[in-house]
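# quick check, what structure comes out for this input:
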Amino acid sequence: MNNIPKLISPLSLSPHNNHCQKSWLEVLRSHKAIAVIRAPDLVTGLAMGEAVAKGGMNLIEITWDNQQPEELICKLRSRLPHCLIGAGTILNLTQLENAIACGSQFLFSPYFNPTLLDISLNRYGVPFVPGVLSPTEIFNAWQAGAATVKVFPIESVGGAKYIKSLQNPLGHIPLIPTGGVTVDNAPTMLDAGAIAVGLSSNLFPPSLIKTGNWELVTKRTQNFVKTLK
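This is a model prediction of the structure:
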């Protein structure tokens, strides 16, 4: 995977750390939502990515607990050059380096590891979004260099109300709520102050995945993107 060339796309980020962070925030403000893919197999994962991209979502995260995540990321980057394809559920340095080697353009983790953040940003120039929950964790991750943080699991701590409550003391820190975000409550998260949201199972209803009804997934995505605008 180390020899996979990085593809050029309209959403590509600058390789320099400061520019990379700034570009990442601009992309998030523009697109507002990330499709998080957990698929039972490679073929389904490809179909899921192509369906949401056709529906207008250009930020796609492939969780590292997918089967063959490297191949899925590589193939989606080739098939969807207008999108940014990243990796999620990054837990350690080996996963981080493998994700970057196969072409990941951003990384998400469910927890805050300052070493992973530093290596991703300063060695590779790839945006890294750590998972946090408490105000202390949010501030520490931001102070360590994270341009934005993932607030997870948002549903368990009050959803949009929690995002809103963080705005007065920590409104300068861009937040991405995940874990319980739906096509219905995503706009309220954004209205509460989130820079973007991450959607997983709610964007891909199990019944549609099971039957392979990708047209309805695309239509569902199109309707969602309209609500964001």
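# show me the contacts for the residue lying closest to residue 111 once chain neighbours are set aside.
For residue 111, ignoring the flanking residues on the chain, the nearest one in space by CB to CB, 6 or more residues apart in numbering is residue 131 at 5.1 Å. Where you see a C-beta, it was placed from the backbone N, CA and C, and this is true even at glycine. Neighbour list for residue 131: 108-112, 149-152, 178 [criterion: CB atoms under 8 Å, 6 or more residues apart in numbering].
# in TSV, list those along with distance to residue 118 and secondary structure.
As requested, the contacts of residue 131 are arranged in TSV below (distance: CB to CB, whole Å; DSSP: H, G, I helix; E, B strand; the rest coil):
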residue	distance to residue 118	secondary structure
108	16	strand
109	13	coil
110	18	coil
111	15	coil
112	12	coil
149	15	strand
150	17	strand
151	21	strand
152	21	coil
178	22	coil
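# max pairwise distance over those residues: which two?
Between all members of these, the longest pairwise span (CB to CB) is found for 112 and 178 and amounts to 14.2 Å.
# secondary structure class for residue 176?
Of the three states, residue 176 takes strand according to DSSP: H, G, I helix; E, B strand; the rest coil.
# beta partners of it?
As for beta bridges, residue 176 partners with residue 150 under DSSP bridges.
# now for it, how many residues are close by?
In terms of burial, residue 176 registers 24 neighbours under the definition other CB atoms under 10 Å.
# doesn't residue 195 make contact with it?
Yes: the pair residue 176 and residue 195 qualifies as a contact (CB atoms under 8 Å) at a distance of 6.4 Å.
# can you give me the strands in the protein?
Assignment of strands within the chain using DSSP state E yields the ranges 33-37, 59-63, 84-88, 107-108, 128-129, 131-132, 149-151, 175-177, 197-199.
# could you report the neighbour count for the nearest residue to residue 45 once chain neighbours are set aside?
Taking CB to CB, 6+ apart as the measure, residue 45 lies nearest to residue 39, with 3.4 Å between them; neighbours along the chain are not counted. Other residues near residue 39 number 21, with proximity taken as other CB under 10 Å.
# OK, contacts around residue 70?
Applying CB under 8 Å, 6+ apart, one finds that residue 70 lies in contact with 1, 98-99, 101-102.
# drop anything exposed from those.
Those of these that meet the buried threshold are 98-99, 101-102, by 16 or more other CB atoms under 10 Å.
# out of these, flag the one nearest to residue 79.
The shortest separation between residue 79 and any of the buried ones among the contacts of residue 70 is 14.2 Å, and it belongs to residue 102 (by CB to CB).
# is it true that that closest one touches residue 75?
No: in this structure residue 102 lies outside contact range of residue 75 using CB under 8 Å: 9.8 Å.
# re the thing from before, which one of the buried ones among the contacts of residue 70 sits closest to residue 140?
residue 99 (23.4 Å).
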